[in-house]
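# pasting the sequence and the predicted model now:
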Amino acid sequence: MVFAFGHIIGAWLVGKLVELATKNKISQNTWFFLILGGILPDVDFVLQLVFKVNLHRGITHSVFFAIISAVVIYSILRLIKEKKAWNYSLFLALGILTHLFLDLFSVQGVPLLWPYAKMFIPSFSLETYSSTLDATIDMFLGTSWIFYLWFKQKIQF
């Protein structure tokens, strides 16, 4: 199973590929939305711990979630008159789609076309271990550390 660090690295690699392909640097705010998208689908781990129900790999691991998240962020940013709302929402969706792609290599697969349960895309992984608590701790610590360094401008993407 890919945890937060793996998803952050995956989103970072996609961002670097975008920079290479377009020959343009991605702004710090754009990096924020790309990396946020890279870890956002695993917010269901937090909800799972709080509500004690199995929520992982549901709606948040679907193309539907990527589209809805991008629309919500776009709407909020347009409301506050952010000129790059379209760009930020696209990079959020790109980060989410990167997360989904990486999760295709886990044993659980990904419900890409949720809510159509028959469209669950299985994986080809041999992995057998999974722990919600381990994943949540990894997500919290890794994400906090990366965003702290980014906020303090100790790292540049």
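Noted; the coordinates are in hand.
# only C-alpha atoms from now on, for both contacts and neighbour counts.
Fine.
# pick out the residue closest to the middle of this protein.
By C-alpha atoms, centre = their mean, the chain has its centre lying nearest to residue 38, at 2.4 Å.
# and the gap between that one and residue 80?
Distance from residue 38 to residue 80, counting by C-alpha to C-alpha, to the nearest Å: 24 Å.
# how far away is the closest residue to the residue nearest to the centre of the chain other than its chain neighbours from residue 32?
The shortest distance from residue 38 to any non-neighbouring residue, by C-alpha to C-alpha, 6 or more residues apart in numbering, is to residue 95 (4.2 Å). From residue 95 over to residue 32 the distance is 10 Å, taken as C-alpha to C-alpha.
# same check on residue 81?
Separation of residue 81 from residue 32 (C-alpha to C-alpha): 18 Å.
# please identify which of the two sits among more neighbours.
Between residue 81 and residue 32, counting by other C-alpha atoms under 10 Å, residue 32 is the more crowded of the two (19 against 10).
# surely that one is in a strand?
No. Applying DSSP: H, G, I helix; E, B strand; the rest coil, one finds residue 32 to be helix, outside a strand.
# correct me if wrong: residue 57 contacts residue 110.
Yes. Counting by C-alpha atoms under 8 Å, residue 57 does reach residue 110; the two are 6.3 Å apart.
# more neighbours, the two?
residue 110 (27 against 21).
# fine by me, thanks again.
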